[in-house]
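Trainee: Build me a model from this:
(2 chains)
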Amino acid sequence: MSWLDALGLALLSVRRRRARTGLTALGVALGSALLVALGSVGSAAESKAVEHLGQGLPVGAIKVAPGRPAFLQLNSDEFESRGAHRIDDNTISRVRGLRGVTGVLPVQAAPVIAVPETGGSYEAVMLGTDLAAPDLPLSVLAGRLPASDSATEVAVAPSYVDRAHSGRTPADALGDRLTVAEPKVVDAPPGAPMIRWFQATVVGVISEQFAQADLVVPLLQTQAAHAWQGVQQDGSFDPDSPYQQLIVVTGGIDQVHQVRAELYDLGYASAAPEHVLGAVLRYLHVVDIVIAGIGVIAILIAGLGVANSLLAAVRERRREIGVMKSIGAGDGDVLRWFLLEAGLIGLVGGVIGAVAGLLMAVLIGVQVVDYLTSQGIVLDPIRISDVPFGVMAAGIAGSVLVSLLAGAVPALWAARLPMREAVGGL
Amino acid sequence: MKAVLAALVFVVACSGSGGTAARPARPAPLVDVRVYVAIGASETLGVGSQEPAAQAWTTVFYRAALPAGALFYNLGEVGATTEQALKDELPVALGLHPDLVTVWLNADDLIHGVSAPDYAAQLDRLLAALAGAGSARLLVANTPVLSDLPAYRACLPDAPPGGPRCAFVAGPVPAPAELDRLVDAYNAQIAAAVSRHGAQLVDLHCQGATAAQHPTWVSGDGFHPTAEGYAQIAQAFAAALRGTSCYRPA
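Mentor: Numbers count the residues shown, from 1 in each chain, chains lettered A, B, ... in the order given. Got it, this is the predicted structure:
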């Protein structure tokens, strides 16, 4: 008997006992749904939380300010500074040498007014950085990043596309002429904002709002802006520091604390959402455990259901098994037949469960987002597109595997039935 | 299943329909400028328009007439007289080493009752400093007709109720004929100063009673232009760059 013949027999058996097969598959679907919901909520909520708390920075990024750290710096996610400490090129090379650091990016931010040629003007944050850096944590949706020495090129965040080209694609923003105003922050006479303007062409759209920036330009552009605007006295940071901030990229969230401790020893204040992120991830972990417990119990019950259903099927089909063996079918053929039947039940239940789990994930996600919002963490709701495809695939594959394992004992029993005993009633 | 497929086809069709819109070609710059500085008062900042940053005449002029690589410094100060500009704006302007400077300062001097000779002396100092600092090209605007502005009409005894507030804050309000004479005296001094310092005149007075002819060019305060009015002023400055002192809107 070929695999195809065995499959045909399994399908025939499933069709002959639709009600029982349907109920068994439903049991599998329930377990699969819970497992898919677990995986989906866990990964989607975690990535949303990390994305939100990271403020557009890569996972495991740390911000370093030109200030000396206060005593309790490492207990706080925010800058805790007690004096100025300039950040210069020497600082950058020392930070690059720290254990766990994978990239260091000097940045400067400037408050500006952006005037798109399509009309309207809006307050924006212009971020200057070393666009020639090899490990730049920026991905481009359309176009390219500005040349590192260009004073007339700019990359924009998706917020610009929403504003200037609502409902269109990022590529539609390429080639836009943008006029940017830099109001003087320090020493401007009352009633005279004193604005420096420059014009730039949009050459790229970045994939997210990197460090809450609306516009990304080469460092020379923000250095010129700072020279004009003056630097606001922000706490006790160093207003004369060549760089306003460093973004230090580590190997992951688990390395953030260690790198912050090293920065502390170097004498720099730092900020990273390690504590709040830890609390959120702990909450999500509890949610994971609860749903995982329910899911495992459900999938075990579903496995017992598959075993029970197949045991009943073997008892009902003793004569069929006997007849098949009498006309030449071997033990392996019978084993294959029943295993395929178990696999089919697992597959149908797994697919139904994965789809149901996806919908459950979205509903649970809404609850999680509501909770986080009540805690002051505003997140976008979890959408179906946020759910990783791998979780669904794993849910379906897991259902098939559990069904095969559960069906193995009845299938072996059927395969080892002696022909004479099987056809004994004839 | 058919419905799902139809929905997918619709989604794919919709996502493919957004093409890149045709972009109007940028006009060629009228002059090769590296640094442009605007000295002036509230008009220079675009006060009166809905989006001052984007709709001020200086911004419109900068975007339309100057090269893409040029920097623009708007030093305008709300309510600035020429005396205030000498104190606040001139030192900053000189430090920026501009190669194009526009100056529009006269309405606030008039409103504050500065006499024509005093105004002339201050304007002369301003232009002398700018001209003496280097090779900056100077565009100096004169005073437009003010006697038809609603904010001036509101100062007169027969002012209609519910109009804008009177703009004249210092001293007795001159009668319309007297105001016209004052404006003429200012403009004569401006023309003389422009000639003395090798600047170019932007003749806003030659356009006549624009507030009466084009009410939509004047904002709700009855004094400052709207975005439409600022666009016409930008055209006047651009025309001066082309060598036409008196720009008459179509």
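Trainee: Please enumerate the helices of chain B.
Mentor: Assigned by DSSP state H, chain B shows helices spanning B:2-15, B:42-45, B:52-55, B:57-65, B:82-96, B:107-111, B:116-133, B:150-153, B:176-196, B:210-213, B:227-241.
Trainee: Let's have these in a markdown table, adding distance to chain A, mean neighbour count and mean pLDDT.
Mentor: (C-beta placed from N, C-alpha, C; glycine too.) A markdown table is the format used below for the helices of chain B (distance: least, Cβ to the nearest Cβ, whole Å; neighbours: other Cβ atoms under 10 Å in any protein chain shown; pLDDT from 0 to 100):
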| stretch | distance to chain A | mean neighbour count | mean pLDDT |
| --- | --- | --- | --- |
| helix B:2-15 | 9 | 9 | 35 |
| helix B:42-45 | 7 | 26 | 94 |
| helix B:52-55 | 4 | 22 | 89 |
| helix B:57-65 | 6 | 24 | 94 |
| helix B:82-96 | 4 | 19 | 94 |
| helix B:107-111 | 11 | 23 | 91 |
| helix B:116-133 | 15 | 18 | 94 |
| helix B:150-153 | 18 | 22 | 87 |
| helix B:176-196 | 22 | 17 | 94 |
| helix B:210-213 | 24 | 18 | 82 |
| helix B:227-241 | 10 | 21 | 94 |
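Trainee: Run the chain-centre distance for the helix or strand containing residue A:371.
Mentor: Using DSSP states H and E, residue A:371 falls within helix A:331-374. Relative to its parent chain, helix A:331-374 has a centroid offset of 21 Å by Cα atoms, centre = their mean, to the nearest Å.
Trainee: Remind me what that helix packs against, helices and strands.
Mentor: helix A:3-16, helix A:18-53, helix A:274-316, helix A:318-326, helix A:389-415 (3 or more Cβ pairs under 8 Å, 6 or more residues apart in numbering or on different chains; DSSP states H and E).
Trainee: if you compare these, which one is most tucked away?
Mentor: Here the criterion is mean neighbour count by mean count of other Cβ atoms under 10 Å in any protein chain shown, and of the helices and strands packed on helix A:331-374 the winner is helix A:18-53, at a mean of 22.
Trainee: ok, residue B:146 touching residue B:184?
Mentor: No. Contact criterion Cβ atoms under 8 Å: residue B:146 and residue B:184 do not qualify, at 11.1 Å.
Trainee: still on that earlier bit, dump the helices and strands packed on helix A:331-374 to a markdown table, plus distance to residue A:124.
Mentor: A markdown table is the format used below for the helices and strands packed on helix A:331-374 (distance: least, Cβ to Cβ, whole Å):
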| stretch | distance to residue A:124 |
| --- | --- |
| helix A:3-16 | 61 |
| helix A:18-53 | 20 |
| helix A:274-316 | 26 |
| helix A:318-326 | 75 |
| helix A:389-415 | 36 |
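Trainee: any idea how far residue B:175 is from chain A?
Mentor: Per Cβ to the nearest Cβ, to the nearest Å, residue B:175 is found 30 Å from chain A.
Trainee: how many neighbours does that residue have?
Mentor: 12 (other Cβ atoms under 10 Å in any protein chain shown).
Trainee: For it, list the residues it contacts.
Mentor: Residue B:175 is in contact with residue B:156, counting by Cβ atoms under 8 Å, 6 or more residues apart in numbering or on different chains.
Trainee: Kindly report the same for the one 4 residues further on.
Mentor: Listed by Cβ under 8 Å, 6+ apart, the contact partners of residue B:179 are B:110, B:146, B:147, B:152.
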